[in-house]
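# Pasting a predicted model and its sequence here:
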Amino acid sequence: MIRSFSRCGGQVSAVGRSCVAQGKVVLVQDTIRQRKQQMVFSRSYKTPVSDVKFLLREVWDFPSHYKKLDKLNGDQVTDDLIDMVLEENVKFAEGVLAPLNEVADTEGCTRIDDHTVKTPKGFKEAYDQFSEGQWFGMTLPEQYGGQGLPPSLYTFIGEIMASANWTWSMFPGLTQGCVNTLLSHGTDELKDKYLPNLVSGLYTGTMCLTEPQCGSDLGQVATKAEPLGDGKFKISGTKIFISCGEHDMAENILHCVLARLPGAPPGTRGISLFLVPKILVNDDGSLADGFNNTNITRIEDKMGCHGSPTCEIQFEGAEGYLIGEENKGMSHMFTFINTSRLGTAIQGIALSELSWQNSLEYAKNRGSMRSLSGVKNPEAAADPIIVHPSVRKMLLTQKAVTEGGRSMIYECAILQDQMSEARLQGDSKKEKAIDDRMGFLTPILKGFLTEVGTECTSLGIQVYGGHGYIKSNKQEQIMRDIRISSVWEGTTQIQALDLLGRKILLQKLRPINQHCSLIYSFCWDIIRKGGGTRLRAHALTLAAKTAQWQFLTYRIALAASKDKDFVGMASVEYLMYAGYHSLAYHWLKQEVAAEAALARGCKGELDFSEDFYKAKIETSHFYFENLLPRTDWLRASMLAPSSSVMPLHQDHFSFDNH
């Protein structure tokens, strides 16, 4: 301003005042421009291709796994095919889905009427491109229009799409559950009529469980199903919290609905499962005129996940068809539920990945203070915050959880392939054994990965400081979108009771004993073969934690035999202990693979750089030293007596709020 004034000759004239004003405008414009540049600290999603390929080839050896899948066309899944699938899906995720993520949050969904919900701009076009590319049918049966490849292929790309745009990925994700349910329990007539259009993407699917009076306690389901004859039923009742219950992306929507037949037994023993189309389908495959009395009376205004409509649906005598056996609806619906629980575990990792990418970029570029150990960037006024130990711990926690959790997902992807192969081979004994193992691992994945994934998105905001709380930086959207993950598809508390109560104690500890045997063998094999001192130390640590976990299970079983509340007291801490233990196992597997690559000089055709493998080893060391010790306080908490929680009368929780 002074320079502008002096250039006007030092005279306070009209021209001078104009010159000063112009100077102010320029300065204000510059300030605004700089402010905008400072405020936007986010990057576009980039697929972690190196980590994906490392897990696929060096940790879990999927190429060898695929060669064993005769019925799933595993011989067709070559390295070239895997690379092609990843490359094309990366283009779709980064180029099409990721740019719509912020639009999904800011625009959201709009209810137009009882049968019309408008999705965010670009969602339908992205879905059309997805369907035209036959992505969804890639791993579904050929007889219904799919390509019949192993299910794990969709797991890999599903995580990539979930990171790019979680709410968009929910639409095909829920359809996957509908398809699995029909494949497992539907009649041939239902399969032939509906599966081809689900596989092609012309139809989508939903899961309708929750009602106003009941959430996790589905024994209270009141929706009615009245027989009409000829295999048809009239469905009446209200369902709430139905994700993707109405939208403009597909021609038709198929609802999987829990309801009660007349005279059905009380509780969950009297629930049946029905397929209820939004629009009835004629015998020739064409759509009937009008709608099937599935009315969308509202969509919820939510904290996050704005891109997916959460609907209240009034079924007012809608026509439906029985899936499976009468009064077996809960067991049939668990096919859908377990698909969704694994999808929700992916949500925990996918959004943790997105938050970590942003916070890592920010930490490398944001300058603040000097390093405690000496100046690291003398040319700048301050060092980047990534040099500070407390910031590094947050970033490494995000990295350890995300990359370790991804490995946990991939392990289950292998089991899903093996279970599908056993089913197609007619080996029911093997299928049952794998299903039991999946049943043991699923609550750990769903409960643990969503809890620590939510923690990582919170750390993502913390790395940003005040800028993380600003919408334009996009970190806060990620935390809002992930927060539901530990609630829906069964809260963490429900997962914990399922793991400890149903999967372990009711099965007389057999699943935990079998699991621990596998871990012991893995650890002792490392110790016998030798390797780096740190690697063997980590193997010994994991073996010791395995013994501790087993011993804790025995102690809980003994205490629960005398105090029924003890299971509820210990269950959440028990689940989290199981999760940290599992993450240690997966980091040890990655450390073994990295050591092997370094030992061969990183000279393999598909090897990464030496620095890549060293980073894996350092992250594993961070995990064992900084995160695995959390199990110590979890151990203390899970053994706390119920007398420390249960005696307080409910009226005495507060004397000010009654």
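Yep, that arrived. Residues are numbered from 1 along each chain as shown.
# For stretch 119-127, list every residue counted as buried.
119-120, 122-123, 126-127 (16 or more other Cβ atoms under 10 Å). No exception for glycine: its C-beta is placed from N, CA and C like everyone else's.
# quick one: secondary structure of the closest residue in space to Glu142 that isn't next to it in sequence?
Closest residue in space to Glu142, ignoring its immediate chain neighbours: Gly148 at 4.2 Å, by Cβ to Cβ, 6 or more residues apart in numbering. Of the three states, Gly148 takes coil under DSSP: H, G, I helix; E, B strand; the rest coil.
# Now render the buried residues of stretch 119-127 as a markdown table, adding secondary structure and distance to Asp563.
A markdown table is the format used below for the buried residues of stretch 119-127 (DSSP: H, G, I helix; E, B strand; the rest coil; distance: Cβ to Cβ, whole Å):
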| residue | secondary structure | distance to Asp563 |
| --- | --- | --- |
| Thr119 | coil | 50 |
| Pro120 | coil | 51 |
| Gly122 | coil | 55 |
| Phe123 | helix | 51 |
| Ala126 | helix | 53 |
| Tyr127 | helix | 52 |
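# Tell me which two of those residues sit farthest apart.
Pro120 and Tyr127 (11.3 Å; Cβ to Cβ).
# measure Glu431 to Leu395 for me?
Using Cβ to Cβ, to the nearest Å, one gets 42 Å for the distance from Glu431 to Leu395.
# So for these two, which sits in the more crowded spot?
Each of Glu431 and Leu395 has its neighbours counted (other Cβ atoms under 10 Å); Leu395 has more, 21 against 18.
# Settle this for me: the more buried one is touching Gln462, isn't it.
No: if you go by Cβ atoms under 8 Å, Leu395 and Gln462 don't touch, sitting 10.4 Å apart.
# Please name the nearest non-neighbouring residue to Thr78.
Pro63 is the one closest to Thr78 (Cβ to Cβ, 6+ apart), at 7.8 Å.
# part of a helix, is that neighbour?
Yes: Pro63 sits within a helix when classified using three-state DSSP.
# What are the buried residues along the longest strand along the chain?
Using DSSP state E, we find that the single longest strand of the chain is strand 310-323. By neighbour count with 16+ other Cβ under 10 Å, strand 310-323 contains the buried residues 310-315, 318-323.
# and of the residues you listed, the nearest to Thr492?
Looking across these and measuring by Cβ to Cβ, the closest to Thr492 is Thr310, at 19.9 Å.
# where do the helices sit along the stretch 251-400 of the chain?
329-365, 389-425 (DSSP state H, counting those that start in this stretch).
# With mean pLDDT as extra columns, can I get those helices in TSV?
Listed next are those as TSV, based on pLDDT from 0 to 100:
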stretch	mean pLDDT
helix 329-365	94
helix 389-425	97
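# okay, these, which one's buried deepest?
Most buried of the helices of the stretch 251-400 of the chain by mean neighbour count (mean count of other Cβ atoms under 10 Å) is helix 329-365; its value is a mean of 24.
# the strands in this protein, which residues?
110-113, 116-118, 203-208, 224-229, 232-243, 252-259, 272-277, 294-299, 310-323.
# Can you lay out those as TSV showing distance to Asp192?
What follows is those, written out as TSV (distance: least, Cβ to Cβ, whole Å):
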stretch	distance to Asp192
strand 110-113	32
strand 116-118	29
strand 203-208	14
strand 224-229	21
strand 232-243	17
strand 252-259	14
strand 272-277	13
strand 294-299	23
strand 310-323	13
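# wait, which of these is closest to Glu88?
strand 203-208 (22.1 Å).
# Look up phi and psi at the nearest residue to Tyr554 once chain neighbours are set aside.
In space, and not counting its chain neighbours, Tyr554 is closest to Leu509: 7.4 Å by Cβ to Cβ, 6+ apart. Leu509 has phi and psi values of phi 70, psi 10 when expressed as degrees, to the nearest 10.
# Leu509 is in contact with Thr553, isn't it?
Yes: the criterion here is Cβ under 8 Å, and Leu509 meets it with Thr553 at 6.1 Å.
# Next up, the contacts around Ser428.
By Cβ atoms under 8 Å, 6 or more residues apart in numbering, the contact set of Ser428 is Ala422.
# More neighbours: which of Leu509 and Thr553?
The neighbour count for Leu509 versus Thr553, taken as other Cβ under 10 Å, is higher for Thr553 (21 against 16).
# count of neighbours near the residue lying closest to the more buried one once chain neighbours are set aside?
Nearest residue to Thr553, sequence neighbours excluded (Cβ to Cβ, 6+ apart): Ile512, at 5.2 Å. Counted with other Cβ under 10 Å, residues neighbouring Ile512 total 23.
# Could you measure from Ile512 over to Lys432?
18 Å.
# Asp498 - how many residues pack around it?
20.
# Repeat that for the one 4 residues further on.
Neighbours of Arg502 under the rule other Cβ under 10 Å: 12.
# what's the pLDDT at it?
Arg502 is assigned 94 on the pLDDT scale.
# repeat for Thr31
Confidence for Thr31, expressed as pLDDT, is 43.
# contacting residues for Lys232?
Counting by Cβ under 8 Å, 6+ apart, Lys232 touches 319-321.
# Now distance to Thr457 and pLDDT too, for those residues, in CSV please.
Rendered in CSV, the data for those read as follows (distance: Cβ to Cβ, whole Å; pLDDT from 0 to 100):
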residue, distance to Thr457, pLDDT
Glu319, 42, 97
Gly320, 39, 97
Tyr321, 41, 98
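# and which of the residues you listed is nearest Val77?
Closest to Val77, out of all of the contacts of Lys232 and judged by Cβ to Cβ, is Tyr321, at 35.1 Å.
# Any idea what the closest one is bridged to?
Lys232, Leu275 (DSSP bridges).
# That one touches Phe274, doesn't it?
Yes: assessed by Cβ under 8 Å, Tyr321 is found in contact with Phe274 at 6.3 Å.
# Quick check: neighbours shared by the two?
Phe233.
# Disregarding flanking residues, what is the spatial nearest neighbour of Asp70?
Asp70 sits nearest to Glu421 (Cβ to Cβ, 6+ apart), 7.4 Å away.
# would you list the helices of the stretch 251-400 of the chain in JSON lines and tack on distance to Glu451?
Formatted as JSON lines, the helices of the stretch 251-400 of the chain follow (distance: least, Cβ to Cβ, whole Å):
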{"stretch": "helix 329-365", "distance to Glu451": "8"}
{"stretch": "helix 389-425", "distance to Glu451": "10"}
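# from the buried residues of strand 310-323, which two are the most distant?
Across the buried residues of strand 310-323, the longest distance by Cβ to Cβ is 26.8 Å; it joins Thr310 and Leu322.
# Now do the contacts for the residue nearest to Thr553.
440, 504, 549-550, 553.
# Pick out the most distant pair among these.
Phe440 and Gln550 (13.9 Å).
# just the buried residues of strand 310-323 now: which is nearest Cys208?
Nearest to Cys208 among the buried residues of strand 310-323, with distances taken as Cβ to Cβ, is Ile313, at 6.6 Å.
# Could you tell me the per-residue confidence at that closest one?
97.
# Could you report the distance from it to Met638?
40 Å.
# Then Gly177?
From Gly177 to Met638 the distance is 32 Å (Cβ to Cβ).
# Same check on Glu489?
Counting by Cβ to Cβ - Glu489 and Met638 are separated by 24 Å.
# cool, and Gly285?
Counting by Cβ to Cβ, the gap from Gly285 to Met638 is 55 Å.
# more crowded one of those two?
The neighbour comparison of Gly285 against Met638 (other Cβ under 10 Å) goes to Met638, with 23 against 11.
# check contacts around the more buried one.
552, 556, 569-570, 573-574, 577.
# Of the residues you listed, which pair is most distant in space?
Met569 and Tyr577 (13.7 Å).
# okay, the two: which has more neighbours?
The neighbour count for Met569 versus Tyr577, taken as other Cβ under 10 Å, is higher for Tyr577 (26 against 23).
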